[in-house]
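**Q** Kindly return the folded structure for what I paste below:
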Amino acid sequence: MHFLSLKSPIYKYRNKIYNDKFIWRVLWDIILKQNQMLKYM
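**A** This next block holds a predicted model:
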């Protein structure tokens, strides 16, 4: 497990990718909800 330590660049990079995906999913969700609300106004 030592090669997947928190200081390892690969691990950091993988984490960054996961975080970015998560952020984009949240943003996309918000955008879609905004559009739905605008439609029904």
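
**Q** now the helices: where do they sit in the protein?
**A** 9-39 (DSSP state H).

**Q** how near is the residue nearest in space to the middle of it to residue 38?
**A** Nearest to the centroid of the C-alpha atoms of the chain, with distances taken as CA atoms, centre = their mean, sits residue 22, at 1.8 Å. Using CB to CB, to the nearest Å, residue 22 is found at 25 Å from residue 38. No exception for glycine: its C-beta is placed from N, CA and C like everyone else's.

**Q** likewise residue 15?
**A** For residue 15, the distance to residue 38 equals 35 Å [CB to CB].

**Q** How about residue 27?
**A** According to CB to CB, residue 27 and residue 38 sit 16 Å apart.

**Q** Measure how buried residue 11 is and give me the count.
**A** Residues near residue 11, counting by other CB atoms under 10 Å, number 13.

**Q** Next: the one 4 residues further on.
**A** Taking other CB under 10 Å as the neighbour definition, residue 15 ends up with a count of 11.

**Q** From residue 28, how far out is it?
**A** Taken as CB to CB, the span from residue 15 to residue 28 is 20 Å.

**Q** for the record, mean pLDDT for stretch 22-35?
**A** Stretch 22-35 comes out with an average pLDDT of 90.

**Q** can I get the CA coordinates of that stretch in CSV?
**A** Output of stretch 22-35 as CSV, limited to C-alpha atoms (Å, rounded to 0.1, in the frame of the first residue of the first chain):
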residue,chain,number,x,y,z
PHE,A,22,-17.8,15.3,-8.7
ILE,A,23,-17.7,19.0,-9.0
TRP,A,24,-18.8,18.8,-12.7
ARG,A,25,-21.6,16.5,-11.8
VAL,A,26,-22.8,18.9,-9.1
LEU,A,27,-22.5,21.9,-11.4
TRP,A,28,-24.4,20.1,-14.2
ASP,A,29,-27.1,19.1,-11.7
ILE,A,30,-27.5,22.7,-10.7
ILE,A,31,-27.6,24.0,-14.3
LEU,A,32,-30.3,21.4,-15.2
LYS,A,33,-32.4,22.3,-12.2
GLN,A,34,-32.1,26.0,-13.1
ASN,A,35,-33.2,25.3,-16.6
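
**Q** Would you mind pulling the contact partners of that stretch?
**A** Residues from elsewhere that reach stretch 22-35 (CB atoms under 8 Å, 6 or more residues apart in numbering): none.
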